[in-house]
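Engineer: Give the three-dimensional model of this entry:
(2 chains)
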Amino acid sequence: MSDAPRTPPGVLRRGLRVLALAVREEPWVFAVALAGSALYGVMTVISAVVLGRVTERVVLPAFRSGQVTTGALLGGSAAIVAVAVVKATGIVFRRIGAGRMQFRLQATYRQRVTRQYLRLPLSWHQQHPTGELLSNANADVEATWWAIPPFPFAMGVLVMLAVTGVALVVTDPVLAVVGFAVFPAIGALNFGYNQRLTPLVTRAQHLRGELSTVAHESFDGALVVKTLGREAAETARFAATANELRDEMVRVGRVHGLFDPLMEALPQLGTLLVLLVGAGRIQDGTLNAGQLVQVAYLFTLLAFPVRVIGWVLGELPRAVVGYERVARVLAAGGALSYGEHPGPAHSKPTSLELAGVRFSYAQAQVLHDVSFEVAPGRTVALVGPTGSGKSTIATLLVRLVDPDDGAVRLDGVDIRHLAVGAVARQAALVPQHTFLFDDTVRGNVTLGAAVDDDDAVWAALRLAQADGFVAALPRGLDTLVGERGTTLSGGQRQRLALARALVRRPQLLVLDDATSSVDATVEAAILRGLREVALPSTVVLIAYRRSTIELADEVVFLAGGRIVGRGRHAELLAAVPAYAELVTAYDRAAAQRVQEAADRDVALGVDRDVAAGTR
Amino acid sequence: MTTIAADQPASAWRTLVRGLQLSPEFRVGLPVTLLLALVATAGRVVVPVAVQQTIDHGLRGPHGVDIGAIRAITAAAAATLLATMVAAYLMNVRLYRSTETGLAALRVRAFRHVHDLSVLHQAAERRGSLVSRVTSDVDEISQFMQWGGMMLLVSAGQVVLATVLMAYYSWQLTLLVYACFAPLMLVLRAFQRRLDRIYAIVRERVGEMLGAVAESVVGAPVIRAYGVQARTAERIDTAIERHRAAATSGQTLAAVMFSTGEVIAGLANAGVVAVGVLLGINGQLSAGRLVAFLFLVTLFVGPVQVATEVLNEAQTAVAGWRRVLAILDTPTDVPDPAVGGVARALPPGPLGVRFDHVEFSYPGGPPVLHDVDLEIAAQTRVAVVGETGSGKTTFAKLLTRLMDPSSGRVLLSGVPVDEVAFDSLRRRVVTVPQDGFLFDATVADNVRYGRPGLADDDVVLAFAELGLAEWLDGLPAGLATRVGERGESLSVGERQLVAVARAYVADPDLLVLDEATSAVDPATEVRLQRALEGLTRGRTAIAIAHRLSTAEAADEVLVMDGGRVVQRGPHAELVAAPGRYAELHASWSAQSTAR
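Structural biologist: Numbers count the residues shown, from 1 in each chain, chains lettered A, B, ... in the order given. Next up is the predicted model:
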């Protein structure tokens, strides 16, 4: 402990503010807990007083005189039991109140945090790692209210100390001086303990988070770790943090080991002091033996509760860190603002327009001045090389994010002017990565939307070529899928996600490489189905497959976040070399290969020899 | 694929014994630590003894109050207390050191073992729970050992010491105190059983709640795209509420349970006073001893209350320990022969592949591969094609020994793959999986993951050789661009490009591409493929292909259907013959090419 770390200033103040917040949130439950705790505190002191009185009036006279009345004995015993029962009642109220307070606060804040997660825009989500958000809603909320269970107890202890002070002064002013020396000393020791411990515990907590991050990432990348044989290096990485945590905890142990016995011994030393001083007072005749027993007993009874204040103080740094993380989520602004426009009254395909749209992620501009429009009922394919901004456009179309500049319009209305829920009613996106809820097949397709009947669900599944495998599932539409349900293949999951979009009969359908995991033959059937059903919808699709592109009435060709070509597939093929290069890549590769094969046939023997020789 | 027995009902005792066996660090110096704990516990009876001595010999001595005697008594007591404090300090330091050392080792061992379990890469959804086994589960054990476990131990010592002292003072009153507390034990046991059931429900509800909360984060895009915020909120609220209700009912029961100890202590005190006085009148007890008894009863209440608190914590800790041990007790389904056995290295040079009547099925599932028996010559480029579920990915996993066959053997250049040391195998055989997972680091760091220490220039060169120089230049910070969590700052296709570069610099003799470029645009894919063709010339390359352009470029095509290899031969030959390949190819080219 050469350079003793200090608690950052203000932790105590901020911690007390968290406690005050808890009281404001749950005043009634807190009142019950506090009343119980105060009752317990008062009864603790009274139990010592009763014991002292019984000693003085019943026990010692009986020992002196060698006789006792049954009434005195029964009266003394009854008083002791009665006090214990009332004290126990106080404990019950205190503990139930504190527990309720803690769990109610946890539930309330979990609900508020998750409400924020649902309310905040996707751009906010993209800036925060998944693990961080999960721990905000769980571990951080828990940490925030971790000091709540001992909190009413600690407040009751304050009451207990006040009553003790009075009782001591009334009993004997000199012994009171001993008490007034010992209990503040325990308080000071507690404070010093927390000052020393807090930075260590905070760092240990931080290391725990780091450890979890390393484990998460390492396990997420398990396949890469395994295929490159890097398990030992990963283990070393994990071990480094684990050992740091270990060292920090050993340091915690040293501080704990120093202060814990001190705090335990202090009231005991106080009791010895009481015996010493009290004996002198008895000799003077200013104190009787019963009173001495009472004060000594009181010290013994108080030894444990006084430490509860330390527990609360000890939990405050953790509570402060937890609360600040939670508060950051709760205070996060930047939710999408909505207008009043209800959206179109009709259910016909919508027209779509992008006007001068710019968009950038943290590091780089992804879209530069993108403008195009799509007439109602038309199908447009967005085509472009990897990383050209296609998926970004998909998320803009259904307003998962807003452009930095420019506008997206549906039926001529800027989608930022549409009312809450209006965009989701008109448009459906099938994203590249499928997400299934922990729900039944039916629940995952309808998402709770009012769908006429199962026929509609089956129709959508049929269109997505998913009816076959769903029918084969053990409980059909009622089969649980998602995290804890039946495991589906990537292609099956994509088809369910497609059915989810189709069952809504959207006026705008956005498919972001939505059939990438589906087999070629199945995809062909899906696309055929979409065309034949004459979906009453404007369709924007992102695809590489030529057949998918050819399904479109028109192609918008993107490169580097700009539109570099637009028109029918055949026109672009002829007019835009980069487009031709992209979509005919396979043809050219095949053609070239045929040519090379012909060449190689000639030089076959030579080639093989050379190849063998190089290795 | 192995499954991990999550809450196998091994008894708490067996779990503890097994846990201590597996972590010898806990036992280092344990006798001394326990001895120190005993000395520290002795500190708790110092005050009652001092009170008794003071009353009997100081206050009620033959000559009235004897200050000298009292000074001697309190001085001796204070000295004893100081000694027990020193013992307590040493005990705490030793305890923290041995438990933390043991737990850190346990964590690391479990972490390593998880990486050896195939469940890790085969059941993505379980990863979260695997992480908690090396983090929070171990934290719970640590908390328990240093706080609750120690409290239990000290409390037990306290009860024993108090009992001995009480019996010394008065056996009659000792019996009385036991008569009061014994029924309490029975009542507490009954309470505890009910509490166990409630806490089991609480733990289950925690899982449900975490799942519901996770949906709001992981499903954020879908929830917004479909405007189902209200529905999701309702699901989350229900789960949170169910958890709160269960936790509250557990807490209520615990509160009642806790307070019974207080009432029993009151009864015991009253009884001690009444019986003690009667005994005193008969001359069988001194006043000091009676008062000391009342002090000793408080030493009884503490442990009882501690027990009600700590037992719940103990259960959580034992459950956590059980989960960690379950990991360590799960046999590695694909063990490294180099660990505790004799392993071979792969012969130098290009690697040939042989499948010797290989069958595979997942435990309890139908066969996924049927009698695959084939040979792939070294230095050939082979494409494996087939529909989803045809077994092509299983084929790749067996080839690289991510799994072992149910029957039959896989040989690389004549060496059974399960006899090859992982060190040799993973250096020579590298797979690029479809999911281009990247670590939260720079592009350069990700590429050199399989070859630490590779210079930036060589990484740039690798991208250039793969025909990706232009793409690299387009990144905001080039090689130093950070890819974000799981590489999510890059598009799916871009992640795959980095993953290919990563495998390429690892310089394997057998390269397996498992749909490694499925999300890359056709022009880039073709460019990449041609680059790889040149670069893999002289090595063996096996590509599991989704797009049949890969098959066209291969020396040979393996066509899989229903877990069997149904066709095999060069593309030109297969495409001309009627069969599965011709069908697949016709369907593919109808979609993807101009023909």
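
Engineer: For chain A, what is the nearest residue in the stretch 401-550 of chain B?
Structural biologist: As assessed by CB to the nearest CB, chain A sits closest to B:R426 within the stretch 401-550 of chain B, at 2.5 Å. In this view, the C-beta of every residue, glycine as well, is placed from N, C-alpha and C.

Engineer: Now do the contacts for that residue.
Structural biologist: For B:R426, the contact set (CB atoms under 8 Å, 6 or more residues apart in numbering or on different chains) comprises A:226-230.

Engineer: measure it to B:T400 for me?
Structural biologist: Distance from B:R426 to B:T400, counting by CB to CB, to the nearest Å: 9 Å.

Engineer: Touching both of these two, which residues are there?
Structural biologist: Common contact partners of B:R426 and B:T400 (CB under 8 Å, 6+ apart): A:T227.

Engineer: circling back: state the pair within the contacts of B:R426 that is farthest apart.
Structural biologist: Using CB to CB, the pair of the contacts of B:R426 lying farthest apart is A:T227 and A:R230, separated by 8.9 Å.

Engineer: Give the residue from these two that has the larger number of neighbours.
Structural biologist: Taking other CB atoms under 10 Å in any protein chain shown, A:T227 and A:R230 do not tie; A:T227 has more neighbours (24 against 20).

Engineer: looking at it, the more buried one is touching B:F437, isn't it?
Structural biologist: No - counting by CB atoms under 8 Å, A:T227 does not reach B:F437; the two are 10.3 Å apart.

Engineer: any low-confidence regions in the stretch 451-595 of chain B?
Structural biologist: Low-confidence segments of the stretch 451-595 of chain B (pLDDT under 70): B:591-595.

Engineer: residue ranges for the strands of it, please.
Structural biologist: B:510-514, B:540-544, B:556-561, B:564-569 (DSSP state E, counting those that start in this stretch).

Engineer: Which helix in the chain has the most residues?
Structural biologist: Looking at chain A here, since you left the chain open. Determined from DSSP state H, the single longest helix within chain A is helix A:231-284.

Engineer: nope, chain B
Structural biologist: For chain B, the longest helix by residue count, based on DSSP H, is helix B:229-281.

Engineer: Which neighbouring elements make contact with it?
Structural biologist: Where contact means 3 or more CB pairs under 8 Å, 6 or more residues apart in numbering or on different chains; DSSP states H and E, helix B:229-281 is packed against helix A:27-54, helix A:60-65, helix A:70-119, helix B:171-218, helix B:287-329.

Engineer: Look up phi and psi at the residue of the stretch 401-550 of chain B closest to chain A.
Structural biologist: Main-chain torsions, B:R426, degrees, to the nearest 10: phi -70, psi -20.

Engineer: Ok, B:V134 next?
Structural biologist: Per-residue torsions, B:V134: phi -100, psi 0 (degrees, to the nearest 10).

Engineer: Now do the same contact list for it.
Structural biologist: So B:V134 contacts A:211, A:215, A:238, B:107, B:110-111, B:114, B:324 (CB under 8 Å, 6+ apart).

Engineer: Try it again at 7 Å.
Structural biologist: By CB atoms under 7 Å, 6 or more residues apart in numbering or on different chains, B:V134 lies in contact with A:215, B:107, B:110-111, B:114.

Engineer: Quick one, grab the pLDDT at it.
Structural biologist: According to the prediction, B:V134 has pLDDT 85.

Engineer: next one: A:E373
Structural biologist: Per the predicted model, pLDDT is 91 at A:E373.

Engineer: Wasn't it part of a helix?
Structural biologist: No - A:E373 is assigned strand when assessed by DSSP: H, G, I helix; E, B strand; the rest coil, not a helix.

Engineer: Now it: closest residue in space, sequence neighbours ignored.
Structural biologist: Spatially, and ignoring its direct neighbours in sequence, A:E373 is nearest to A:E353 (4.1 Å; CB to CB, 6 or more residues apart in numbering or on different chains).

Engineer: Check A:R328 too.
Structural biologist: Leaving out its chain neighbours, A:R328 is closest to A:N136 (CB to CB, 6+ apart), at 8.0 Å.

Engineer: For that neighbour, grab the count of nearby residues.
Structural biologist: 25.

Engineer: hang on, it packs against A:A327?
Structural biologist: No - using CB atoms under 7 Å as the test, A:N136 is too far from A:A327 to be in contact (10.0 Å).

Engineer: residues contacting B:R97?
Structural biologist: A:250, A:253.

Engineer: Could you check how far it is from B:L153?
Structural biologist: Relative to B:L153, and taking CB to CB, B:R97 is found at 17 Å.

Engineer: same check, this time on B:V206
Structural biologist: Distance, B:V206 to B:L153, by CB to CB: 29 Å.

Engineer: Name the residue in those two with the higher neighbour count.
Structural biologist: Using other CB under 10 Å, the more surrounded residue of B:V206 and B:L153 is B:L153, with 18 against 15.

Engineer: you'd agree the more buried one is up against B:A37?
Structural biologist: Yes - in this structure, B:L153 is within contact of B:A37 by CB under 7 Å, at 6.0 Å.

Engineer: who's in contact with residue 210?
Structural biologist: No chain specified, so I'll use chain A. A:T241.

Engineer: right idea, wrong chain: chain B
Structural biologist: B:L210 neighbours (CB under 7 Å, 6+ apart): A:N138.

Engineer: Report pLDDT for it.
Structural biologist: pLDDT, read off for B:L210, is 85.

Engineer: what separates the closest residue to A:I282 other than its chain neighbours from B:A503, distance-wise?
Structural biologist: Of all residues not flanking A:I282 in the chain, B:V65 sits nearest, at 5.5 Å (CB to CB, 6+ apart). The gap separating B:V65 from B:A503 is 90 Å, by CB to CB.

Engineer: Between the two, which has more neighbouring residues?
Structural biologist: B:A503 (24 against 19).

Engineer: who does the residue lying closest to A:D414 once chain neighbours are set aside bridge with?
Structural biologist: Nearest residue to A:D414 in three dimensions, chain neighbours excluded: A:A407, at 4.8 Å (CB to CB, 6+ apart). Going by DSSP bridges, A:A407 is paired in beta bridges with A:A355.

Engineer: Please apply the same query to A:L382.
Structural biologist: Note on A:L382: beta-bridge partners by DSSP bridges are A:I542, A:V556.

Engineer: B:G408 sits in which helix or strand?
Structural biologist: Per DSSP states H and E: B:G408 is located in strand B:407-412.

Engineer: related to what we said a few turns ago, doesn't the residue nearest to A:E373 fall inside a helix?
Structural biologist: No - per three-state DSSP, A:E353 lies outside any helix segment and is strand.

Engineer: From chain B, how far off is it?
Structural biologist: 19 Å (CB to the nearest CB, to the nearest Å).

Engineer: so how many other residues sit close to that residue?
Structural biologist: Count around A:E353 with other CB under 10 Å applied: 19.

Engineer: how about B:R231, what does it touch?
Structural biologist: A:447-448.

Engineer: Regarding A:R358, what is its secondary structure?
Structural biologist: Per three-state DSSP, A:R358 ends up strand.

Engineer: just checking, it touches A:D369?
Structural biologist: Yes - between A:R358 and A:D369 there is a contact under CB under 7 Å: 6.1 Å.

Engineer: Find residues that contact each of the two.
Structural biologist: Counting by CB under 7 Å, 6+ apart, no residue touches both A:R358 and A:D369.

Engineer: Where does the stretch 201-350 of chain B get nearest to chain A, which residue?
Structural biologist: Taking CB to the nearest CB, the stretch 201-350 of chain B has B:G266 as its residue nearest chain A, at 2.1 Å.
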